[in-house]
Every structure is written in C-alpha cells, then in structure tokens.
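Undergrad: Compute the structure for the input listed below.
(one chain, ligands or ions: 2)
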Amino acid sequence: MATRTDLDGRPIKPLTICMIGAGGFIGSHLCEKLMSETPHKVLALDVYNDKIKHLLEPDSLPWAGRIQFHRLNIKHDSRLEGLIKMADLTINLAAICTPADYNTRPLDTIYSNFIDALPVVKYCSENNKRLIHFSTCEVYGKTIGSFLPKDSPLRQDPAYYVLKEDTSPCIFGSIEKQRWSYACAKQLIERLIYAEGAETGLEFTIVRPFNWIGPRMDFIPGIDGPSEGVPRVLACFSNNLLRREPLKLVDGGESQRTFIYIKDAIEAVLLMIENPDRANGHIFNVGNPNNEVTVRQLAEMMTKVYAKVSGETVLESPTVDVSSKEFYGEGYDDSDKRIPDMTIINKQLGWNPKTSLWDLLESTLTYQHRTYAEAIKKSIAKPSAS
Ligand SMILES: NC(=O)c1ccc[n+]([C@@H]2O[C@H](COP(=O)([O-])OP(=O)(O)OC[C@H]3O[C@@H](n4cnc5c(N)ncnc54)[C@H](O)[C@@H]3O)[C@@H](O)[C@H]2O)c1
Ligand SMILES: O=c1ccn([C@@H]2O[C@H](COP(=O)(O)OP(=O)(O)O[C@H]3OC[C@](O)(CO)[C@H]3O)[C@@H](O)[C@H]2O)c(=O)[nH]1
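TA: Ligands and ions are numbered 1, 2, ... in the order given. All right, here's what the predicted structure looks like:
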C-alpha cells in the first residue's frame, strides 16, 4: 500500500483503533473502509458481530490479523480499559439509538447513552488516549423556527432552522415527552467530554450524524430482528415494501430530515481519524443538506425506487397515516427539521457529501431486495406456528 498522507501532506502512521460498537451499522461500514483502504488495526468491541463476520473470516482475507473481534458489553467488562490502553485512538459508537426505545425504555436509553459512556471517557482521559465519540444530530432537538407562528415568514429564514455546532441551542420537549431521554443523555455526555477537553486536555472529536442510511441499517422485523421490533425509518419502510404493506406515516409524515449515504459519511470519519490536528477539539455535523425531504416524500421516493429495483407493482394505497401515540406510544415527540450547517467540517476537513437521495436509495433498496425478498416470501408462505 503506497504511503498515505494527511490533508497537510504528512505521512499517516498505522494506528491501532479500539472501536466500541464496531458490530453495528456504522461500525461495520467503518471497519470495511479501514480494512480495505488503510493499514490501520481495529480492536472491534461489541456484543454482536453478525454485521462484520465477513471481515473476520476466513484467515486468508488480505487484512487478516489487522482486525480482532472482542465480544464484550462495556457495561460491565474489566477488559475495556486494557483494550483502550492498547490502542492509539478509541471510537465509541455504542448506544441504544432507535427512537422506538427512547420513550418505552427511557432508563436503558439514558444508561446506554450517558452512564455507560462514562468509563470510556475516563479511561481515555486517564491514559492520554484520543477519543472520537458518536453523538447525534438529535441533540439540537427542535428548530427555533418551529416555535414561530405557522405563517411567520421568519420560518423561511435559515437563521431559524440551520443547525450549527458552535451556536445553535439544544431545544427539547418537556420531561414527560420521554423521547428526549436519548438526546438529553447524548447532550450531557458531549458536555462531559468537552469539559474533560477543557480541564484535563483530553483529545476528543464529537460526531453528530444526520440520518446516515444504507445497507445493514438496523434489521427487518421477523427476519433478522424481533417481529415486534420497531427499527428506524429506512428499515421500517423497507419492511413494508418487502411485505407489500402500506408505509406508515407517523402523524402524516410531515417531519423533515436530511439523509446521507453511509459511504459518504464514512469518508468524513476517516478524515477525522487521519487528521487529528484538524479534528481534535471539534464537534462535527456530518450530513447532506441537499437531501432534505419530508417523511412522506421519503416514502413516495422509496416506493418508486423499490418498484424499479424489484420489478413489483405499486400498491393502490402505498401509504397510510398513523398517530405517533399508536405507533410509538406515550411520550413521543419529534424533531421538525434537521439541516446541518457545513461550515466547520468544510473548513477543517474539506469534506462534502456526494450521493443524491435517489441514488443512495437505489443502491440500498437493491441490497434490501437481494438480501430479504426470498426470506420474506417464505415467511409469508408459511406463517409461524400460532
Ligand atoms: N445511523 C445514524 O444515522 C445515526 C444518527 C445519529 C447518531 N448515531 C449514533 O452513531 C452511533 C452508531 O449508530 P448505528 O446507527 O451504527 O447504531 P447500531 O445500533 O447499528 O450500532 C450500535 C452498536 O453498539 C453496540 N452496543 C450498544 N451497547 C453496547 C454495549 N453496552 N457494549 C457493547 N456494544 C454495545 C450494539 O450492539 C450495536 O452493534 C450511536 O452512538 C448512535 O447514537 C447514528
Ligand atoms: O415507519 C415509520 C418510521 C418512522 N417514521 C418517522 O420517520 C422519521 C425518522 O424516524 P427514525 O429514522 O426512526 O429516527 P429519527 O430521525 O427520528 O431519529 C434518529 O436520527 C438520529 C438517531 O439519533 C440515530 O439514528 C435517531 O434518534 C420520524 O419522524 C418518524 O416518526 C414514520 O413516519 N414511519
């Protein structure tokens, strides 16, 4: 492999990376990138490894020996500190991060996103190890504009909705809206990490992902996850399309999101890993402001793309409105709009996303159809024993 250089033209030395949550959606794509394009080593920590098994076996793989899987739960495992000490850099991806859990399992959500992250920060700080911590765009909560009168022209003013790392406030709903247990836990761990940086010199980078989507995100209920499970929207809509069911639009699908292709986002993370002088001490929005849709528009686009990749016809009624109370239960609330300001990541890392929403949905739904269509047909043909 030719000597790789950083953004300032300096040679990049091979790193050992302790990646916590490596077995998840983002972790599996990050491991793929690190193994196929860099000389770095990965200590992959997770409770599960089904999404990275293709990287771990067989021993004849070109990167064999550069990735080690350690099955552990960071809640209570004495091996954690030793693995962080062995590495140059720790990346913490571990979290409960599916909204259906936030208002139904608020204690688990808070423990997972705040309490369980505390020892990771502590071990990095005490051992002078660099930390890249995965937070969320959800720490911004709701936009300032969402509190303006519905017909206020100020709602069109970017100052009232563009989300900026160093100036935007964090605006959550009231305490009984337990959906915000996750975002609040993420906000507090961000503040703790920032304080460690200020007081003890911890070298940290915080990542705020804006709806990264792609293959291997979450699970298809009843196929590679619990039948009653509620994954994030990409997997929910994929499941509906695969089962020829109407896509459920929560509260009419009015909320807006910007979606970014996982492969574009991973490029940004690799730049953070290999350019510490430009990334340390920063919080980065990582998203695609050009890919903004309402959830209803997402459903319509996914329906069109799925018809193209599967060759199947579109249902008479491809969507159905459902209340958030019915879909998520008590205590749900939502972010109205999430547009990332890109100034800081452009300045520090010169990074921009590339892939349009249509193109990323085409590659993702091709993967979903190829991976799940047969299994779904079989499960429908012989329903599970009652
Ligand atoms: N995917 C996105 O669009 C997105 C958006 C915002 C924030 N994030 C954040 O990025 C991170 C990764 O998200 P993802 O989409 O890959 O989620 P994911 O659920 O696919 O991956 C999380 C992984 O962490 C592991 N994990 C959780 N608790 C653990 C524990 N106690 N010990 C060991 N492993 C544990 C899980 O087994 C899972 O493999 C999370 O912190 C999430 O909050 C992701
Ligand atoms: O069947 C469905 C599923 C969801 N919705 C609505 O889609 C919007 C997006 O929902 P989802 O992808 O579950 O998650 P959010 O974007 O709300 O939050 C996530 O974003 C970042 C992260 O931190 C980690 O991924 C997580 O919190 C939403 O409006 C749902 O109500 C639907 O209509 N139908």
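Undergrad: Pull out the buried positions in the helix or strand residue 184 falls within.
TA: Assigned by DSSP states H and E, residue 184 belongs to helix 181-200. Under the neighbour-count criterion of 16 or more other CB atoms under 10 Å, helix 181-200 has 181-187, 189-190, 192-193, 196-197 buried. In this view, the C-beta of every residue, glycine as well, is placed from N, C-alpha and C.
Undergrad: Tell me the first helix or strand C-terminal of it.
TA: Once helix 181-200 ends, the next helix or strand along the chain (criterion: DSSP H and E) is strand 204-209.
Undergrad: Next one: that following strand, is it in contact with ligand 1?
TA: Yes. Strand 204-209 lies within reach of ligand 1 by CB under 6 Å from any ligand atom, at residue 209.
Undergrad: got it, and stretch 27-46?
TA: Yes. Using CB under 6 Å from any ligand atom as the criterion, contacts between stretch 27-46 and ligand 1 involve 27, 46.
Undergrad: Between the two ends of that stretch, what distance do you get?
TA: 10 Å (CA to CA, to the nearest Å).
Undergrad: cool, stretch 332-346 as well?
TA: 34 Å.
Undergrad: can you pull the buried residues of it?
TA: For stretch 332-346, burial by neighbour count (16+ other CB under 10 Å) applies to 332-342, 344-345.
Undergrad: So which of those residues sit within strands?
TA: Members of the buried residues of stretch 332-346 lying in strands (criterion: DSSP state E): 339, 340.
Undergrad: what's the closest of the buried residues of stretch 332-346 to residue 5?
TA: residue 345 (19.9 Å; CB to CB).
Undergrad: and the gap between that closest one and residue 207?
TA: Distance, residue 345 to residue 207, by CB to CB, to the nearest Å: 10 Å.
Undergrad: do residue 90 as well
TA: 13 Å.
Undergrad: Quick check: neighbours shared by the two?
TA: Contact with both residue 90 and residue 207 is made by residues residue 132, according to CB atoms under 8 Å, 6 or more residues apart in numbering.
Undergrad: can you give me the helices in the stretch 1-150 of the chain?
TA: In chain order, the stretch 1-150 of the chain shows helices spanning 25-37, 53-56, 79-86, 99-102, 106-113, 118-126, with DSSP state H, counting those that start in this stretch as the criterion.
Undergrad: Common neighbours of residue 345 and residue 207, please.
TA: Between them, residue 345 and residue 207 share the contacting residues 284, 286, judged by CB under 8 Å, 6+ apart.
Undergrad: Tell me the residues on the chain that lie near ligand 1, please.
TA: When proximity is defined by CB under 6 Å from any ligand atom, the chain lies next to ligand 1 at 21, 23-27, 46-48, 73-75, 93-95, 97, 112, 116, 134, 136-137, 209, 211-212.
Undergrad: Just the buried ones from those residues?
TA: Neighbour-count burial (16+ other CB under 10 Å) is assigned, among the residues of the chain next to ligand 1, to 21, 23-27, 46, 74, 93-95, 97, 112, 116, 134, 136-137, 209, 211-212.
Undergrad: mind checking the longest helix of the chain?
TA: The longest helix of the chain (DSSP state H) is helix 357-381.
Undergrad: For that one, enumerate the helices and strands it packs against.
TA: Judged by 3 or more CB pairs under 8 Å, 6 or more residues apart in numbering; DSSP states H and E, helix 357-381 is in contact with helix 233-242, strand 260-261, helix 295-310.
Undergrad: how big is the angle separating that helix from helix 233-242?
TA: 50 degrees (axes from the mean of the first three to the mean of the last three CA atoms, to 10 degrees).
Undergrad: Give me the contacts around helix 357-381.
TA: Identification of contacts with helix 357-381 by CB under 8 Å, 6+ apart yields 213-215, 220, 222-223, 234, 238, 241-243, 259-261, 288, 291, 293, 298, 301-302, 305-306, 308-310.
Undergrad: And that helix, what's buried?
TA: Under the neighbour-count criterion of 16+ other CB under 10 Å, helix 357-381 has 357, 360-369, 371-372, 376, 379 buried.
Undergrad: again, but for stretch 45-59
TA: 45, 46, 49, 51, 52, 55, 56.
Undergrad: What residues does the stretch 101-250 of the chain have near ligand 2?
TA: Residues of the stretch 101-250 of the chain lying near ligand 2 by CB under 6 Å from any ligand atom: 136, 137, 138, 211, 232, 233, 236, 248, 249, 250.
Undergrad: The nearest residue to residue 24 once chain neighbours are set aside and ligand 2: what is the separation?
TA: Distances taken as CB to CB, 6 or more residues apart in numbering put residue 93 closest to residue 24, at 5.9 Å, once the chain neighbours are dropped. Separation of residue 93 from ligand 2 (CB to the nearest ligand atom, to the nearest Å) stands at 11 Å.
Undergrad: Equivalent analysis for residue 346, please.
TA: Taken as CB to the nearest ligand atom, the span from residue 346 to ligand 2 is 22 Å.
Undergrad: and the closest residue to residue 100 other than its chain neighbours, how many residues sit next to it?
TA: Once flanking residues are discounted, residue 100 sits nearest to residue 230: 3.5 Å by CB to CB, 6+ apart. Neighbours of residue 230 under the rule other CB atoms under 10 Å: 19.
Undergrad: would residue 230 count as being in a helix?
TA: No. Applying DSSP: H, G, I helix; E, B strand; the rest coil, one finds residue 230 to be coil, outside a helix.
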